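K.L.:
Have a look at this fold, sequence not included:
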């Protein structure tokens, strides 16, 4: 990959990992416009690590409380409940993903599915905004609600769905307000992206990774910076801007993807 490709792909990963707009659709568009070949696993690992570190750094206080929950003298109810909630929420996608990954790669990773999912789940996000919100604190989330969000995250295995989009939608439908649903979705990204990165490490060619270390490092740094500011922007302004702009954007993106196959 040349440096322009590296920059664009890292930007796409950093932005779309946390906005409810689907990374798959944007990668398809970029591939069509740039004539890009399939992204290599070394670069995938690098940009995933970049977004993972961005989430860890942004939510460092929450993660610190999780770590402290392992020590009785520093344990807090918030940290102990949060780690259980995240474990409950991430487990379904790890199990389902393990069994259907090959099916997804063979039958669902195509432009028709991605375009359809991009549009369909835009309407799911719209429907979720019509629910009344009663929970405005992440500490009020129950284990049962975490499990439901975890089940919803399994739908993100369908390319074009958007992991953040479907988990935020589930949170809103469970009565969470915009910020609470978004924050839990982003915290859930930590174990989810971490698991993806660990899985990708299994197919890592160390010599190849070291040969392209400079490009991988640039990709990781860009995705880290962009993801961090994307999270910050979304958390601070989601109550003001709402989800309608993202819903409209997804519909336009999906229609654009359908246009590519005409």
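P.N.:
Good, I have the coordinates. Keep in mind it's a predicted model, so treat the numbers as computed, not measured. Numbers count the residues shown, from 1 in each chain.

K.L.:
Name the residues of stretch 120-134 that come out as buried.
P.N.:
121-122, 124-126, 128-129, 133 (16 or more other C-beta atoms under 10 Å). (C-beta placed from N, C-alpha, C; glycine too.)

K.L.:
how long is that stretch end to end?
P.N.:
This stretch, stretch 120-134, spans 26 Å end to end (C-alpha to C-alpha, to the nearest Å).

K.L.:
What lies in contact with it?
P.N.:
20, 22, 155, 160-162, 165-166, 168-170, 172-173, 175-178, 180, 242-244, 246-247, 250-251, 254 (C-beta atoms under 8 Å, 6 or more residues apart in numbering).

K.L.:
Select only the buried ones of these in ChimeraX?
P.N.:
Per 16+ other C-beta under 10 Å, the buried members of the contacts of stretch 120-134 correspond to this ChimeraX selection:
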select :20,22,155,160,161,162,165,166,168,169,170,172,173,175,176,177,178,180,243,246,247,250,254
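
K.L.:
on that earlier part again, quickly name whichever of the buried residues of stretch 120-134 is closest to residue 262.
P.N.:
residue 122 (20.2 Å; C-beta to C-beta).

K.L.:
Let's test this: what are the backbone torsions at that closest one?
P.N.:
phi -70, psi -40 (degrees, to the nearest 10).

K.L.:
Then residue 229?
P.N.:
Torsion angles, degrees, to the nearest 10, at residue 229: phi -70, psi -30.

K.L.:
which helices and strands sit right next to the helix or strand residue 192 falls within?
P.N.:
Residue 192 belongs to helix 178-201 when assigned by DSSP states H and E. Contacts defined by 3 or more C-beta pairs under 8 Å, 6 or more residues apart in numbering; DSSP states H and E place helix 178-201 against helix 41-58, helix 77-103, helix 143-153, helix 163-173, helix 213-241.

K.L.:
can you redo those as a markdown table with mean pLDDT and distance to residue 197?
P.N.:
As requested, these are exported to a markdown table (pLDDT from 0 to 100; distance: least, C-beta to C-beta, whole Å):
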| stretch | mean pLDDT | distance to residue 197 |
| --- | --- | --- |
| helix 41-58 | 94 | 5 |
| helix 77-103 | 96 | 13 |
| helix 143-153 | 98 | 16 |
| helix 163-173 | 98 | 14 |
| helix 213-241 | 96 | 11 |
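
K.L.:
For the nearest residue to residue 141 once chain neighbours are set aside, grab the count of nearby residues.
P.N.:
Among residues not flanking residue 141 along the chain, residue 85 sits closest, at 5.7 Å (C-beta to C-beta, 6 or more residues apart in numbering). Residues within reach of residue 85, counting by other C-beta atoms under 10 Å, total 23.

K.L.:
so what's residue 85 up against?
P.N.:
Residue 85 sits next to 141, 143, 146, 184 when contact means C-beta under 8 Å, 6+ apart.

K.L.:
Likewise for residue 109?
P.N.:
24, 159.

K.L.:
how near is residue 238 to residue 20?
P.N.:
Remark: distance between residue 238 and residue 20 (C-beta to C-beta, to the nearest Å) = 10 Å.
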